[in-house]
Structures are given as C-alpha cells and as structure tokens.
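Colleague: with the sequence up front, the predicted model follows.
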Amino acid sequence: MNELYLMIPIRKKKMMKVSFLSFFILFCLLGLTFSPIQATEKNLPQRSWFVDMTKFQSSSHGRISCSECHPDIEEKGVKHPNSNLLNRPSTLLYDYKRCEKCHPQVYQRYLKGEHAKALVERKKDAPTCGNCHVSHYVVSGQSRLVLGRWMTEMCGKCHLSEMRTYLENYHGKAAASLGHEASAYCTDCHGAHTCLSLKKKEVALEACKKCHPNAQLRFTDYVIHASKEGVKKEDVEKLNKLTILRWIEIGFGIIVFVVLAFFYSHTLVWILRKVHEWLKRN
C-alpha cells in the first residue's frame, strides 16, 4: 500500500490530503451540536432556607439587615421557624410586595407584565421576583454580557424550547454564544420586568424597532422561536410558517447531501481510476 501511495504524483497527493481533510472537517461540523449555555439546575444558584452569609454580605443587599425584608414569615397562621414551613419553597412564602419599598418603579413595571398577570390568574409556576432574582446573592454592576448569559439561563429554566430556538437563531448565536454585546438578549425583546408577549405584530414591531428603527410591520414575520412546542392550534399563521421553514430545511439538507455526495464520489472514482492505471502498468 505504501508503494502504491509513492507512485501517486506529489500534486495529486496534496489534492487527496485536502479532500480527506475537508471531508473530516465537514463531518465534524455536521455532527457538532454545541451550546455554551445549558439551562440546568447545576448552573443556576440553588434557593433554600439556608443562606451563606459570606456571599450575602458581599452581595448588593449585604448591608440590609434581615429584619428589614423578613419581619415575619407566616403561612396560614404558622410562623417561622416552625419546621412545617421548611418543607415549602421559600419563594412561595415570601411577600415580594416588600420589594416595592426599595424598587418602586421596577415593581410597578412588573405588575404590568405577563408574569404578574399569570400570577393573578393563579397559573402554575407563575414567577415572582424571587424566581428570577437570587436576592441574597445578587451582585450589581455586572457587564451586559454576563447579565445576558445569566438571563438566557434563567429564562430558559421555564421557557426551555424558547431558549433552545433562541440559541439556534442569529440573535442567540451572536449574543450568548459569541459574546457580541450589541445583539439582542431575551429582555431586549420581551422586557426585563414588564415581560411582554410578542404574539401581536404591533407589539412585536415596537420591540424590533429598538435595534431596527426602519422596520415595518412585515418585519415581524421573521420567526425567531422556530418550534411548534407550546404553539396553540389557533395560531394558524405561525404553524404555517413553521411548516414552510421545515420544508425549506429539508430541501437545503437534500441539496447539501447531493452536492457532497457528488464531489466525494467524484474524488473516489478519481482515486480508483489512478489505482487502476497503476495496476495496469504493473
């Protein structure tokens, strides 16, 4: 086999090496599914009744005494430190209206958003301040990139399919994956505290105009969260768009496969031809 390889001209050898190297790179790229952000409990701080005072004192709330935020913890007449309360998540017991004392504008914005609306309607897992902010360990003055990646994880904890499709989209790849701070994070479109649903085109357009000032209503036809998960049957327009996108994806996949199959088949045939010529001469 080594003798056969030595009989091949140097130029042809280089072409073979380039062909095999390009095939290997394409194979790795096609099989690579990597994202630097995973919405897992391991990456997010754990909420519990235990408070690490060292971390708390170095946080933004570290100079506030416990009694200012926790005058009492009570549920149905049972007060802390009763052990029965320890079986309940602390975020469900705290009255986050107390946050309004120091954060009045932020709290009022929260009340206008979809999260607060869901909480009033008593929907399951409707988030409060404590679900998004780890009050005892929050640190101010962080960069937009750090906060953006944090938000992506935090939002993805409840909106897993939206986080996945966001990271597959240009916005997510540029912002969360590549660290391009000018790109859009979750809160740039949906709002930080006044969390908005962007199902209505007029509302979505206002969000788009933050970065695309010349955008028209048709601009909102662009699908960012390209997943049928969580989409209601009544949303016929988005379902139709997703179906079209799926067929386009399949079509381009077929084109890429055919092109690669043709060129690598051509290379294989060329190699077999050279081997055949060498065998004829010997």
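Modeller: Everything's here; your move. Numbering: from 1, shown residues only.

Colleague: residue 161: helix or strand, and which one exactly?
Modeller: Residue 161 belongs to helix 160-168 when assigned by DSSP states H and E.

Colleague: show me how far that helix is from its chain's centre.
Modeller: Relative to the centre of its chain, helix 160-168 is centred 4 Å away, using CA atoms, centre = their mean, to the nearest Å.

Colleague: keeping just the C-alphas, turn it into PDB.
Modeller: C-alpha atoms of helix 160-168 as PDB (Å, rounded to 0.1, in the frame of the first residue of the first chain):
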ATOM      1  CA  LEU A 160     -36.800  25.700  27.500                       C
ATOM      2  CA  SER A 161     -37.900  25.400  23.900                       C
ATOM      3  CA  GLU A 162     -37.700  29.200  23.500                       C
ATOM      4  CA  MET A 163     -34.200  29.200  24.900                       C
ATOM      5  CA  ARG A 164     -33.100  26.400  22.600                       C
ATOM      6  CA  THR A 165     -34.600  28.100  19.500                       C
ATOM      7  CA  TYR A 166     -33.100  31.500  20.600                       C
ATOM      8  CA  LEU A 167     -29.600  29.900  20.800                       C
ATOM      9  CA  GLU A 168     -30.100  28.400  17.300                       C
END
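
Colleague: report the buried residues of it.
Modeller: 162-168 (16 or more other CB atoms under 10 Å). C-betas here are computed from N, CA, C, even on glycine.

Colleague: can you list the low-confidence ranges for this protein?
Modeller: Residue ranges of the chain with pLDDT under 70: 1-48, 73-88, 123-124.

Colleague: mind giving me the domain ranges of it?
Modeller: Structural domains assigned to the chain are 53-134, 141-230, 234-282, following automatic domain parsing.

Colleague: where do the helices sit along the stretch 151-282 of the chain?
Modeller: 160-168, 170-172, 186-190, 201-208, 236-281 (DSSP state H, counting those that start in this stretch).

Colleague: so for residue 100, which of those helices sits nearest?
Modeller: helix 186-190 (20.1 Å; CB to CB).

Colleague: roughly how far is that closest one from the heart of the chain?
Modeller: Helix 186-190 has its C-alpha centroid displaced from the chain centroid by 12 Å (CA atoms, centre = their mean).

Colleague: and it, what other elements does it pack with?
Modeller: Packing partners of helix 186-190 (3 or more CB pairs under 8 Å, 6 or more residues apart in numbering; DSSP states H and E): helix 144-158, helix 201-208.

Colleague: hmm, 7 Å instead?
Modeller: Helices and strands touching helix 186-190, by 3 or more CB pairs under 7 Å, 6 or more residues apart in numbering; DSSP states H and E, are helix 144-158.

Colleague: so which bits of the helix it packs on are buried?
Modeller: For helix 144-158, burial by neighbour count (16+ other CB under 10 Å) applies to 148-157.

Colleague: same question, stretch 208-215
Modeller: By neighbour count with 16+ other CB under 10 Å, stretch 208-215 contains the buried residues 208, 215.

Colleague: residues making contact with that stretch?
Modeller: Applying CB atoms under 7 Å, 6 or more residues apart in numbering, the set of residues contacting stretch 208-215 from outside is 184, 188, 205, 219-220.

Colleague: end to end on that stretch, go ahead and measure it.
Modeller: One end of stretch 208-215 to the other measures 7 Å (CA to CA, to the nearest Å).

Colleague: repeat for stretch 91-100
Modeller: Counting by CA to CA, you get 16 Å between the two ends of stretch 91-100.

Colleague: pull the distance from that stretch to the chain's centre.
Modeller: Taking CA atoms, centre = their mean, the mean C-alpha location of stretch 91-100 is offset from the chain mean by 28 Å.

Colleague: which parts of that stretch are buried?
Modeller: Residues of stretch 91-100 classed as buried by neighbour count (16+ other CB under 10 Å): 94, 96, 99.

Colleague: distance of the last one from residue 121?
Modeller: Taking CB to CB, to the nearest Å as the measure, residue 99 and residue 121 are separated by 21 Å.

Colleague: can you check the second one too?
Modeller: Noted for residue 96: a distance of 17 Å to residue 121, by CB to CB.

Colleague: redo the buried residues of stretch 91-100 as a markdown table? Include secondary structure and distance to residue 194.
Modeller: Converted to a markdown table, the buried residues of stretch 91-100 look like this (DSSP: H, G, I helix; E, B strand; the rest coil; distance: CB to CB, whole Å):
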| residue | secondary structure | distance to residue 194 |
| --- | --- | --- |
| 94 | coil | 21 |
| 96 | helix | 16 |
| 99 | helix | 15 |
